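*Asks:* compute the structure for the input listed below.
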Amino acid sequence: MRKPLRVVLISLLIFIVDFVTLENRLVTTSSTLQLVGGLVAVLAVAGIVWGLILMVKTGRPGRLLTPRIRPVPATPAEKTAEPPRRRSRFRPLKVLMGLAILGSWFIVLPILVHKNLIAPAADYVPGPWVAEAFLSLFALALQCFAPTPVALVFWPSLGVGLYFLFSRKDRPVLDPLLGIAAAVLVFVLFRFVAPL
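*Replies:* A predicted model of the protein is given here:
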């Protein structure tokens, strides 16, 4: 497992542990520990963002999941017959598109859910920002795992985002078609589904 993916996974683990311990008002009653929990959460989110930036910078997040293989020394004949390696020219762009699609679901849309559905409720009481974020994600997840218009947009969009994020080869026909499909799905999401 290489460094960028390790940074993301460790930061995510720290964020989850912090959420269920220091950020949980039922577990932690000390205001000092709650403040420490907030700082830990900020550092964990910074670690996740930094790991994703490293993944974009390397341009090969799909290879982070593959084990390293030590090269075998080649004979002189094999060295002369070695074909040129193909480089993925559009790999950084595809990774950015994949992160943008996933970010629209896991960052932008929960904010809209909180603003349009949770905050206007008559019995709404503001709480810790981590709890508010978790509540927004939970409300969105309920929509995605039920037969709703949000789910009809979420699953195809998620598939396209994961394809762009982990695809290693440039496909001249499939890549533009999926890019157009992703743009249409995002337009439908924020034009028709998000205001609901």
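*Asks:* okay, helices next: where are they in the chain?
*Replies:* For the chain, the helices defined by DSSP state H occupy 3-20, 31-58, 76-80, 91-103, 109-113, 129-144, 149-166, 174-188.
*Asks:* what's the angle between the first one and helix 129-144?
*Replies:* Orientation of helix 3-20 against helix 129-144 (axes from the mean of the first three to the mean of the last three C-alpha atoms, to 10 degrees) gives an angle of 100 degrees.
*Asks:* wait, isn't residue 55 in contact with residue 7?
*Replies:* No: judged on C-beta atoms under 8 Å, residue 55 makes no contact with residue 7 at a distance of 9.1 Å. Backbone N, C-alpha and C define where each C-beta goes, glycine included.
*Asks:* which one's more surrounded, these two?
*Replies:* The neighbour comparison of residue 55 against residue 7 (other C-beta atoms under 10 Å) goes to residue 55, with 23 against 19.
*Asks:* quickly note the distance from that one to residue 178.
*Replies:* Using C-beta to C-beta, to the nearest Å, residue 55 is found at 19 Å from residue 178.
*Asks:* before we move on, what about residue 110?
*Replies:* 24 Å.
*Asks:* count the residues that sit near residue 189.
*Replies:* The burial count for residue 189: 21, using other C-beta under 10 Å.
*Asks:* again, but for residue 103
*Replies:* The burial count for residue 103: 13, using other C-beta under 10 Å.
*Asks:* could you check the pLDDT of it?
*Replies:* pLDDT recorded at residue 103 is 83.
*Asks:* where does this protein dip in pLDDT?
*Replies:* The chain contains residues with pLDDT under 70 at 1-2, 23-27, 59-88, 192-196.
*Asks:* need the nearest residue in space to the residue most central in space within the chain, chain neighbours excluded.
*Replies:* Taking C-alpha atoms, centre = their mean, the centroid of the chain lies closest to residue 102, which sits 4.9 Å from it. Leaving aside its chain neighbours, residue 102 sits nearest to residue 161 (4.7 Å; criterion: C-beta to C-beta, 6 or more residues apart in numbering).
*Asks:* residue contacts, that neighbour?
*Replies:* Shown in contact with residue 161 (C-beta atoms under 8 Å, 6 or more residues apart in numbering): 97-99, 101-102, 105, 182.
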